[in-house]
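Visitor: Provide a 3D model corresponding to the input given below.
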Amino acid sequence: MYYRIADPQTDGGYIITDYYLSTNIPQMTGFSRTIEPVYLEGKCTYYFPSGKKESEGFYEKNLKTDVWIRWTETGNDSTLENYTTKGKKENITTNMPFLYDTLHPFSIAARGKVASFFIIEDVFFLTYSLGTELAYKRHSLGVDYSWFRWRYEEDDNEDVGMYSQYELRKYFHVDYKLTFLSFSRPEMDVYFNLYDKIGEYTMWYDKYEEYDFGTRPMAFLQSSAKGTFNEPGIGFGFRKYAEKTGFGFDCSVNYGYRMSDTNEKNYITTTQTDFREHVKVDRDVFYMRMNCFYIFGK
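Guide: I've put the predicted structure just below:
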């Protein structure tokens with residue numbers, strides 16, 4: 001049996017020394033990024049209860065690597081062991097974020113995205129977002145400003161575009177995340193999140209100039225709507241890091257309850273228009289959210 005002493009280093013990490021409980025003689029000494037669990041890097045030495053060296057070599061990403069030397073307890077003989085291909089990466093699981101450092105529990109990240117895609121035929125979206133996220137231990141608080149536009153294209157029987165319906169949403173997205181599981185092997189955190197979206201939206205139509213509608217009444221193309229919305233919600237997600245760097249992407253699945261207040265202007269015919277103010281609509285929404293991020297250094 002042995003006990004452990006962890007000596008924090010000025011540039012991060014710890015010198016870990018395990019001592020035999022009965023004799024207070026070192027059993028192992030090496031460098032670790034974290035205290036619990038130990039994640040060894042660099043040179044490491046193991047000792048017999050007598051205090052003589054038992055083995056010595058290097059760790060890389062908590063794996064024995066290169067050539068290790070092993071001695072007999074008498075110290076008269078030694079053997080070499082090659083861990084170039086033997087080592088198996090240990091999968092460490094904790095409830096702290098993968099890049100968490102006990103000496104520097106605060107971190108700040110920049111996050112955002114630019115994306116454009118079609119969902120199904122004739123349904124498209126374009127989105128931009130930019131924001132920041134402040135983390136302390138397992139907790140983080142973030143805020144984004146997002147610009148999101150849908151486009152629904154209507155075609156005729158010959159699959160020729162006639163007009164499109166557009167919806168533009170501009171909003172602030174505030175979220176709180178609690179990391180409850182972290183995996184060292186895929187370098188990934190799993191979290192629970194609460195969020196709220198507050199913003200405004202506009203809906204309008206736009207016809208294609210080259211399309212001839214003939215004598216068909218198309219007065220509704222002048223219809224529009226404008227309003228505000230508030231959407232609190234919950235979700236689960238994960239952060240995937242890129243090989244011990246601050247870069248990564250963040251993906252979550254969410255449920256929200258959207259409450260909107262809209263002023264509508266509907267053109268029924270060229271002479272008949274329906275105006276409705278403060279139309280309130282509440283509905284459930286399910287969606288997936290993804291951001292790229294970079295966590296700044298200590």
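
Visitor: wait, isn't Y166 in contact with M203?
Guide: Yes: under the criterion of C-beta atoms under 8 Å, Y166 makes contact with M203 at 6.9 Å. Yep, even glycine has a C-beta here, placed from its N, CA and C like the rest.

Visitor: Give me the buried positions along stretch 63-71.
Guide: 64, 68, 71 (16 or more other C-beta atoms under 10 Å).

Visitor: Name whatever forms a beta bridge with the closest residue to F192 other than its chain neighbours.
Guide: In space, and not counting its chain neighbours, F192 is closest to L178: 5.1 Å by C-beta to C-beta, 6 or more residues apart in numbering. Beta-bridge pairing of L178 under DSSP bridges involves H139, F192.

Visitor: Hmm, H139 and L178 touching each other?
Guide: Yes: under the criterion of C-beta under 8 Å, L178 makes contact with H139 at 6.1 Å.

Visitor: Would you agree H278 is in contact with D261?
Guide: Yes: taking C-beta under 8 Å as the definition, H278 is a contact partner of D261 at 5.7 Å.

Visitor: Now the element after the strand or helix carrying I198, going C-ward?
Guide: Using DSSP states H and E, I198 sits within strand 188-207. Using DSSP H and E, the helix or strand that directly follows strand 188-207 along the chain is strand 224-241.

Visitor: Run a quick neighbour tally on the residue lying closest to F286 once chain neighbours are set aside.
Guide: The shortest distance from F286 to any residue other than its chain neighbours is 5.6 Å, reached at Y255 (C-beta to C-beta, 6+ apart). For Y255, the count of nearby residues is 12 (other C-beta atoms under 10 Å).

Visitor: in the helix or strand that contains Y255, what counts as buried?
Guide: Using DSSP H and E, Y255 sits within strand 247-267. Residues 248, 250, 252, 254, 256, 260, 262, 264, 267 are the ones in strand 247-267 that count as buried (16+ other C-beta under 10 Å).

Visitor: Now the strand holding I198: buried residues?
Guide: Buried-residue list, strand 188-207, by 16+ other C-beta under 10 Å: 188-189, 191, 193, 195, 197, 199, 201, 203-205.

Visitor: I'd like the distance from the residue located most distally from the centre of the chain to K52, if you could.
Guide: Distance from the centre of the chain peaks at N76, with 53.7 Å (C-alpha atoms, centre = their mean). Going from N76 to K52 by C-beta to C-beta, to the nearest Å gives 11 Å.

Visitor: Also Y267?
Guide: 92 Å.

Visitor: what's the answer for D156, then?
Guide: 88 Å.

Visitor: Do a quick rundown of the strands in the stretch 51-200 of the chain.
Guide: Secondary structure of the stretch 51-200 of the chain (DSSP state E, counting those that start in this stretch): strands at 53-60, 63-71, 78-82, 93-94, 106-118, 123-136, 139-155, 161-183, 188-207.

Visitor: What pairs with the shortest one, parallel or antiparallel?
Guide: What it means is strand 93-94. strand 161-183 (antiparallel).

Visitor: now the angle from the partner strand to strand 224-241?
Guide: 30 degrees (axes from the mean of the first three to the mean of the last three C-alpha atoms, to 10 degrees).

Visitor: Alpha carbons only: can I get strand 161-183 in PDB?
Guide: What follows is strand 161-183, C-alpha atoms only, in PDB (Å, rounded to 0.1, in the frame of the first residue of the first chain):
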ATOM      1  CA  GLY A 161     -39.300  28.000 -59.700                       C
ATOM      2  CA  MET A 162     -42.200  30.400 -59.300                       C
ATOM      3  CA  TYR A 163     -41.600  32.200 -56.000                       C
ATOM      4  CA  SER A 164     -40.000  31.700 -52.600                       C
ATOM      5  CA  GLN A 165     -41.100  32.400 -49.100                       C
ATOM      6  CA  TYR A 166     -38.400  33.800 -46.800                       C
ATOM      7  CA  GLU A 167     -38.100  33.800 -43.000                       C
ATOM      8  CA  LEU A 168     -35.300  35.800 -41.300                       C
ATOM      9  CA  ARG A 169     -34.600  35.400 -37.600                       C
ATOM     10  CA  LYS A 170     -32.100  37.600 -35.700                       C
ATOM     11  CA  TYR A 171     -31.600  36.700 -32.100                       C
ATOM     12  CA  PHE A 172     -29.400  36.400 -29.000                       C
ATOM     13  CA  HIS A 173     -28.800  32.900 -27.700                       C
ATOM     14  CA  VAL A 174     -27.800  32.500 -24.000                       C
ATOM     15  CA  ASP A 175     -26.900  29.100 -22.600                       C
ATOM     16  CA  TYR A 176     -25.700  27.400 -19.400                       C
ATOM     17  CA  LYS A 177     -23.900  24.000 -19.700                       C
ATOM     18  CA  LEU A 178     -23.100  21.500 -17.000                       C
ATOM     19  CA  THR A 179     -20.500  18.900 -18.000                       C
ATOM     20  CA  PHE A 180     -21.300  15.600 -16.400                       C
ATOM     21  CA  LEU A 181     -19.100  13.100 -18.300                       C
ATOM     22  CA  SER A 182     -15.700  13.400 -20.100                       C
ATOM     23  CA  PHE A 183     -13.800  10.800 -22.100                       C
END
